[in-house]
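> Please work out how this folds:
(2 chains)
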There are 2 protein chains.
Amino acid sequence: MRDAYVIGAGQTAFGSFPDESYRSLFATAVERALASADGFDPGAVDEAVVGTLGVGGRQIGLSGPAVTEYAGLSVPTTRVENACAASGYAVRNAVQAVKSGMADVVLAGGFEVMTDVSADAAKYWLGVSGETEWERLTGTTFAGTYAQMASAYLAEYDATVDDLSRAAVKNHANGARNPHAHLGFECSLEEASGGSVVADPLTLYHCCPTSDGAAAVLVASEDVAESDDAARIAGVGAASDRVGVFERDTYTSIPASAAAAEAAYEMADLGPDDVDVAEVHDCFAIAELLAYEDLGFCERGEAAELLRAGVTERDGRLPVNVSGGLKAKGHPIGATGAGQVVELYKQLTGRAGDRQLADVDVGLAHNVGGSGGAAVVTLLEAES
Amino acid sequence: MRDAYVIGAGQTAFGSFPDESYRSLFATAVERALASADGFDPGAVDEAVVGTLGVGGRQIGLSGPAVTEYAGLSVPTTRVENACAASGYAVRNAVQAVKSGMADVVLAGGFEVMTDVSADAAKYWLGVSGETEWERLTGTTFAGTYAQMASAYLAEYDATVDDLSRAAVKNHANGARNPHAHLGFECSLEEASGGSVVADPLTLYHCCPTSDGAAAVLVASEDVAESDDAARIAGVGAASDRVGVFERDTYTSIPASAAAAEAAYEMADLGPDDVDVAEVHDCFAIAELLAYEDLGFCERGEAAELLRAGVTERDGRLPVNVSGGLKAKGHPIGATGAGQVVELYKQLTGRAGDRQLADVDVGLAHNVGGSGGAAVVTLLEAES
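Sure, this is the predicted structure:
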């Protein structure tokens, strides 16, 4: 198995862009990814893997080829979809394609346009990534399923609504430094805990927005990568689970996240203690707490303590979601996973501008589909 | 790059099954694929790749994990979609996963449930695999785009409506031998050419049905495969193109098919003359004629002559669509590509029952997305 590297990465801002289309957003992300790979010839891209859920139903079939052709890449293109983990899986497929020897350079990316659909349509298009028969069709939304997890967590462990808010406050503070963030403003603990209740105990500040956006990552073989500008994909792990939360054994963990992390750590021969920076899937604040535990950043029930102690602040020992996370950077479903890798690539190659962290060698991206029916964890390592 | 093999394959019948669900159909296909791999332990499946368009919108997100979990496979599952080529691409992804060394055994398959949606819904769900802005939203259907190709072909070359019918008559005759066929009846040349016009010059008999069904293929590394029951995946090629037919340079070829075939032949170090049996994407009769030329079975403009001479009949030199093809076997979108590989696997390992051909060593599967926005060609080789 030859090694795979990220040799370039770029994204659009995440937000609401009524004058853009899914095609134009993706083309911008591709353009930026190619531009970030100094001296790279776009003609050397062998194939593409594109993640999108297809919110809005505008171009459901063949949306992969539709966007790559528009972006000027006439290469075999596969669309992959695992709900909100679509482009995390796209990156994983790109790694497999490169390691297989069937491709030397693969563009992996994703996109979503969500802000131009009605509230009812948004509920449908998000709902179809939850379990259909017993969740969506009975009225359960994602805010509802994550609120169930939050209720269970607060009941089982020494954690409060303020601890959920701490994740949101941190991520908003980080997003305020990110010119690509959808919600680039700060908020206080009081505002977060006192916000309108969306699904008890989750307030508006505990929920990520729906966003438009696109992200793209160039994955290349060791033969193509030049070490200065490249970050090695040390490991990538994936796992699936029952789509319905009620079908699982636990509400206080996302088992697919834990299994995906275990697989990624094993492939990379790394452990949670080696991680210097992480982008985790905080679609709702409780998800960030569960992620800390599922990814091994702390023991079960200790996530709130990590937040209280500031460990995951940008000046802490293990900064999490320095981009702002899904909470503040935004969550254009198909773009989110690739967007996490874009952030890590920038951090590991010293290109993160005002958000640049010092001394980061290993980054972890954690991308969840729906309420945990799928998860993918990617470990990047800086070339030293 | 280690070799990848098909070590088992199975499918449901294609047809209309109001008492089945997408989950139960997929589970049956998986069960049959596993059962066909003598002595194989289902626990040895490392991951799964599932193709579906998601017709009907019942479980659009995470439909991959939803069906594998139901089928009892708790493995990382990725959904891929390239319209009607979804599971052809799933097989290709499985090959990459195996060759990458990240998996030893991958289940690749697909499913679709289409016969329980209204005519309007079917038009929408098929239309979203065509170009959206300038085709679907202006009223163009797939029958319409393929009728444009047929009109152009009949105008440019020495071919007639009866030649289109010859493909349909042959495939219906083949389908009549296939217990899994949706339309397992024979038809005459007169019936085919004289059928109701769907989109001039295409009659009802020139159009495949919409079907329910599922198919699954076990792709394994050379370390797992036992030669007697395995067929080597000698090559697999893919290509994309502009999604709208009007955006391309030609109406008398599907360039993505030609490019995918070229890539597959090159990888396999084989050529069209080596092919003993082929399953081609005859969604409309004209598509089979274009396939003969795009795959190199004859020169441009000579496809009708191949049909007239009986070359592609089941007793001809190069039998095409001995399963009945999309025309008679049926076309449950996400299942079609994997279903083609199921047929080839059976033919190459001597398990095709009444349809068994003598002396077939190399099989070609040709799967097209939409009207040619994507195509994938797979070459299987019997172990001698």
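> which stretches of chain A form helices?
Applying DSSP state H to chain A gives helices spanning A:22-36, A:63-70, A:86-99, A:119-127, A:142-156, A:161-175, A:189-193, A:255-268, A:285-294, A:303-308, A:325-328, A:333-348.
> want to try CSV for these, with distance to chain B as columns?
The way it works is simple: take the backbone N, C-alpha and C, and place the C-beta from them, glycine included. Conversion of the helices of chain A to CSV gives the following (distance: least, C-beta to the nearest C-beta, whole Å):
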stretch, distance to chain B
helix A:22-36, 10
helix A:63-70, 4
helix A:86-99, 4
helix A:119-127, 8
helix A:142-156, 10
helix A:161-175, 24
helix A:189-193, 28
helix A:255-268, 8
helix A:285-294, 15
helix A:303-308, 25
helix A:325-328, 16
helix A:333-348, 9
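> So which of the ones you listed is nearest B:G101?
helix A:86-99 (6.3 Å; C-beta to C-beta).
> what pLDDT, on average, does that closest one get?
The predicted model assigns helix A:86-99 a mean pLDDT of 98.
> Likewise for stretch A:321-338?
Computed over stretch A:321-338, the mean pLDDT rounds to 98.
> Name the residues of the lowest-mean-pLDDT helix or strand in chain A that come out as buried.
Of all helical and strand segments in chain A, the minimum by mean pLDDT, DSSP states H and E falls on helix A:119-127, at a mean of 90. The neighbour-count check on helix A:119-127 (16 or more other C-beta atoms under 10 Å in any protein chain shown) flags A:122, A:124-127 as buried.
> likewise stretch A:13-31?
Within stretch A:13-31, the residues scored as buried using 16+ other C-beta under 10 Å are A:13-17, A:20-31.
> How about stretch A:217-227?
Here stretch A:217-227 shows A:217-221, A:224-225 as buried, counting by 16+ other C-beta under 10 Å.
> wait, what's in contact with A:T210?
A:114-115, A:122, A:126, A:331-332 (C-beta atoms under 8 Å, 6 or more residues apart in numbering or on different chains).
> go with 6 Å
Going by C-beta atoms under 6 Å, 6 or more residues apart in numbering or on different chains, A:T210 touches A:M114.
> In contact with A:G195: list those residues for me.
Contact analysis of A:G195 by C-beta under 6 Å, 6+ apart lists A:203-205.
> What's the separation between the nearest residue to it once chain neighbours are set aside and A:F185?
Nearest in space to A:G195, with sequence neighbours left out and distances taken as C-beta to C-beta, 6 or more residues apart in numbering or on different chains, is A:T203 at 3.5 Å. A:T203 sits 16 Å away from A:F185, going by C-beta to C-beta, to the nearest Å.
> Looking at the two, which is more packed in?
A count of neighbours by other C-beta atoms under 10 Å in any protein chain shown puts A:T203 above the other of A:T203 and A:F185, at 21 against 10.
> Show me which positions of stretch A:310-330 end up buried.
Buried, per 16+ other C-beta under 10 Å, within stretch A:310-330: A:311-314, A:318-330.
> List the contacts of that stretch.
Stretch A:310-330 is touched from outside by A:14, A:168, A:170-172, A:174-175, A:178, A:181-183, A:208-209, A:211, A:277-280, A:282-283, A:306, A:343, A:355, A:357, with contacts defined as C-beta under 6 Å, 6+ apart.
> Could I have the ChimeraX command that selects the buried members from those?
This is how ChimeraX selects the buried members of those, with burial counted by 16+ other C-beta under 10 Å:
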select /A:14,168,170,171,172,174,175,178,181,182,183,208,209,211,277,278,279,280,282,283,306,343,355,357
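> Just give me the residue right at the centre of chain A.
When C-alpha atoms, centre = their mean is applied to chain A, the residue found nearest the centroid is A:G337 (3.4 Å).
> So that residue sits against A:V368, correct?
No - applying C-beta atoms under 6 Å as the test, A:G337 and A:V368 come out as separate, 9.1 Å apart.
> Find the residues that touch each one of those two.
Common contacts of A:G337 and A:V368 (C-beta under 6 Å, 6+ apart): A:A85.
> In the buried residues of helix A:119-127, find the pair that's most separated.
It's A:A122 and A:G127 that sit farthest apart of the buried residues of helix A:119-127, by C-beta to C-beta, at 9.0 Å.
> what about stretch A:287-304, how long is it end to end?
Distance between the two ends of stretch A:287-304: 12 Å, counting by C-alpha to C-alpha, to the nearest Å.
> ok and the residue in the stretch 101-250 of chain A nearest chain B?
A:S129 (2.7 Å; C-beta to the nearest C-beta).
> ok, and the closest non-adjacent residue to that residue?
The shortest distance from A:S129 to any non-neighbouring residue, by C-beta to C-beta, 6+ apart, is to B:G61 (2.7 Å).
> ok, the one you found touching A:C84?
No - look at B:G61 against A:C84 with C-beta under 6 Å: they stay out of range, at 8.0 Å.
> Which positions in stretch A:136-150 come out as buried?
A:136, A:140-150.
> so can I have TSV of the residues you listed showing pLDDT?
Compiled in TSV, the buried residues of stretch A:136-150 are given as follows (pLDDT from 0 to 100):
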residue	pLDDT
A:R136	91
A:T140	92
A:T141	93
A:F142	95
A:A143	96
A:G144	96
A:T145	97
A:Y146	98
A:A147	98
A:Q148	98
A:M149	98
A:A150	98
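> In CSV: those residues, plus distance to B:T78.
Listed next are these as CSV, based on distance: C-beta to C-beta, whole Å:
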residue, distance to B:T78
A:R136, 22
A:T140, 25
A:T141, 25
A:F142, 21
A:A143, 26
A:G144, 27
A:T145, 22
A:Y146, 23
A:A147, 28
A:Q148, 27
A:M149, 24
A:A150, 29
